[in-house]
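*Asks:* Structure for the following, please:
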Amino acid sequence: IKPPSKSDLKAILNAADGDFRLMVLFAASTGLRAGEQWALRWSDVDDDTGMLSIVRRVDAYGEEGPPKSVAGTRQVPLSSMLLRSLKEWRLQSKFSANDDLIFPNKKGRYMGHDNLVKRRYKPTLEAADVSDINWHSIRHYAVSTWIEAGLAPKTVQTFAGHSSLQVTMDRYGHLFPSDNYKAAMD
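*Replies:* Below you'll find the predicted structure:
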């Protein structure tokens, strides 16, 4: 899976409307799996610490359960900008109680991921003139930007909710900066 370039993500965000723009920005910042993002409740956001607790996911059938792996239960820090955007979104949302979903459908229930992709994501990609970027690619974007920012591999593993460091390195190892081996050998 190829993550979108920064310019492609910017084009997608510019083409997205208000609430959908926040959904894409959230995915690109937190690296959550779609089922984790759609199962988030307001009580999972700690406004004081800026931490997001991932404790559940929802599957394609609308069944709630624990994250994909034991390591999937985790905390991810939110940027100040994203935390501020979430607070603004909560004030606008008619579903703003602690037990309400952060990104619900119009009835306050779980977001139908396939429906969202078909009705909002694909048209947004067309409007942005971007292709070959599926929703899961946005997760890869988040992880690749964490690596680019210099986060340690173990931190990336933890934030991504990977079951082991090996999973992280198998998928993203090529993105970590390598040492200058020639200088070491000299």
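
*Asks:* And the strands in the protein, which stretches?
*Replies:* With strands called from DSSP state E, the chain shows them at 45-46, 51-54, 57-58, 64-65, 74-77.

*Asks:* can those strands go into a markdown table with extra columns for distance to residue 35 and mean pLDDT?
*Replies:* Just so you know, the C-beta spots here come from the backbone N, C-alpha and C atoms, and that holds for glycine as well. Shown next, in a markdown table, are the strands of the chain (distance: least, Cβ to Cβ, whole Å; pLDDT from 0 to 100):
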| stretch | distance to residue 35 | mean pLDDT |
| --- | --- | --- |
| strand 45-46 | 18 | 98 |
| strand 51-54 | 10 | 97 |
| strand 57-58 | 4 | 96 |
| strand 64-65 | 9 | 94 |
| strand 74-77 | 14 | 96 |
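
*Asks:* hey, which of these is tucked in deepest?
*Replies:* strand 57-58 (a mean of 22; mean count of other Cβ atoms under 10 Å).

*Asks:* how distant is that one from the center of its chain?
*Replies:* 14 Å (Cα atoms, centre = their mean, to the nearest Å).

*Asks:* now swap in stretch 49-58 and tell me
*Replies:* 11 Å.
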